[in-house]
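Student: For reference, the sequence and a predicted model appear below.
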Amino acid sequence: MKFPSKFFLLLMIFCNVIFVKAQSGGASFSFVDMGQTARVASLGGEAITASDDDIGNVLFNPSLLRTSMHNSISFSFVNYFSGINYGTVSYAANIKKLGTFAFHAQYANYGNIIVTDFMGGEHGTATANDIALVAGWGKNIIDSQFTIGANAKFMFSQIHNYYGMALGVDVSATYTLPNKNFAASLLLRNIGGSIKPYSNGNFGWMPFELSIAIYGKIPHAPFRVFFEITNLQKWKLNYDNPYASADIETGEVIKSSKTKMFFDNLARHLVLGLEVIPYKNIYLRAAYNYNRGADLINSDKPGMVGFSWGVGFRVYKFDLSYARSSFYRLGSPNYITLSMNLNSFNKKR
């Protein structure tokens, strides 16, 4: 094993030990997880691993950067709830011997917010915006099968007259079989925290996450399977529901059995996605995020909460993707991504 891989392994172990416990609670600057492309959103909204040249994947998983992404560019826009919009612009460039670099700009605009006092009196409106600038790097260290990558992030957040800044890092490693029918990634995302909190003394950690992403292509079939094991830094993701059914005689909340709670918690760490290619350059995608569904579902009218779906097309030299992700039965955000490789417009290539 050469020096870069040893260094990277030690860095990952160090980050795991130092940050897992420190960042397992509440978090600030969580908007960095909202910068999803339509493909990522349609496959569950978590980091994915795929052995292709989709630059939209590298914002969450920088070890997917490869030389063939040189001059790739991507634009993503999300129409969220209540007038909230956010988006991402990404560009990749390869520098010989140094590796492949990616540059991302994320923004989130939360519209106008009514300013009130403690008595409810209105005093005009305020704005709220988030911006993140991300520089990523990826490189092969064992032929083309094992790759490593990292992101460095600078974040700025403004709410009315308050603002905060933070620095963060992602690190990841990916192993891909030579036939590209299988790939697996280990990811440590959002390591870092405030360098300037909104108010003095209120330091905020970023939403750290340790996860594993697995990709598999079924031989001789138009299927791709995506499987994510999320939030490995924290086992317990479920909770006792205070609004659960109560015992008629005692009035006490009826708690679930330990076995049921165990499997409920286990399922909250899993996201399953499927991509089907019925025809060349046409992609149908769907996924189920159990944790999202369990937290947001209305038991009386569950609808499709927790599910996400989308479609992708390649038209001429452009890749266009659209997705919807169900957070509530009466509304779903719309995700649109347009990407291309600028080299494809150069007739000499």
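Tutor: All right, it came through fine. Numbering: from 1, shown residues only.

Student: Excluding chain neighbours, give the residue nearest to Trp309 in space.
Tutor: Of all residues not flanking Trp309 in the chain, Ala286 sits nearest, at 4.4 Å (CB to CB, 6 or more residues apart in numbering). C-beta coordinates here come from the backbone N, C-alpha and C atoms, glycine included.

Student: which outside residues touch the helix or strand harbouring the one you found?
Tutor: Element membership for Ala286 (DSSP states H and E) is strand 282-289. Identification of contacts with strand 282-289 by CB atoms under 8 Å, 6 or more residues apart in numbering yields 39, 42-46, 226, 271-278, 306-314, 321, 323.

Student: ok, back up a step: for beta bridges, what are the partners of the residue nearest to Trp309?
Tutor: Under DSSP bridges, the beta-bridge partners of Ala286 are Leu274, Trp309.

Student: what's around it, how many residues?
Tutor: By other CB atoms under 10 Å, 18 other residues sit near Ala286.

Student: and Gly331, what is it in contact with?
Tutor: Applying CB under 8 Å, 6+ apart to Gly331 gives the contacts Phe81.

Student: any idea how far it lies from Ala323?
Tutor: The gap separating Gly331 from Ala323 is 14 Å, by CB to CB, to the nearest Å.

Student: do His123 as well
Tutor: Separation of His123 from Ala323 (CB to CB) stands at 39 Å.

Student: Those two: who's more crowded?
Tutor: Neighbours were counted for His123 and for Ala323 using other CB under 10 Å; Ala323 has more, 28 against 9.

Student: Number of residues surrounding Ser68?
Tutor: So Ser68, with other CB under 10 Å, has 13 neighbours.

Student: centroid residue for the protein?
Tutor: Glu46 (4.2 Å; CA atoms, centre = their mean).

Student: Leaving out the residues flanking it, which one is nearest to it?
Tutor: Distances taken as CB to CB, 6+ apart place Glu228 nearest to Glu46, at 4.5 Å, with adjacent residues excluded.

Student: Give me the buried stretch members for the helix or strand encompassing the one you found, please.
Tutor: Using DSSP H and E, Glu228 sits within strand 223-229. Neighbour counts over strand 223-229 (16 or more other CB atoms under 10 Å) mark Arg224, Phe226, Phe227, Glu228 as buried.

Student: ditto for stretch 120-129
Tutor: Those would be Ala128, Asn129, for stretch 120-129 by 16+ other CB under 10 Å.

Student: Equivalent analysis for stretch 204-222, please.
Tutor: 204-213, 215-217.

Student: Parallel or antiparallel, which strands does the lengthiest strand in the chain pair with?
Tutor: In the chain, taking DSSP state E as the definition, the longest strand is strand 122-142. Taking DSSP bridges as the criterion, strand 122-142 pairs within the sheet with strand 99-116 (antiparallel), strand 146-159 (antiparallel).

Student: out of these, deepest packed?
Tutor: strand 146-159 (a mean of 20; mean count of other CB atoms under 10 Å).

Student: for the record, mean pLDDT for that one?
Tutor: Strand 146-159 carries an average pLDDT of 93.

Student: After it, which helix or strand is next?
Tutor: Following strand 146-159 toward the C-terminus (DSSP H and E): strand 162-176.

Student: Out of the strands paired with strand 122-142, the one nearest Pro197 is which?
Tutor: Counting by CB to CB, Pro197 lies closest to strand 146-159 out of these; the figure is 10.1 Å.

Student: Output the below-cut-off pLDDT ranges for the chain.
Tutor: The chain contains residues with pLDDT under 70 at 1-27, 35, 201, 240-254, 298-302, 329-330, 347-349.

Student: And the helices in it?
Tutor: Taking DSSP state H to define them, one finds helices in the chain at 3-22, 38-42, 258-267, 290-296.
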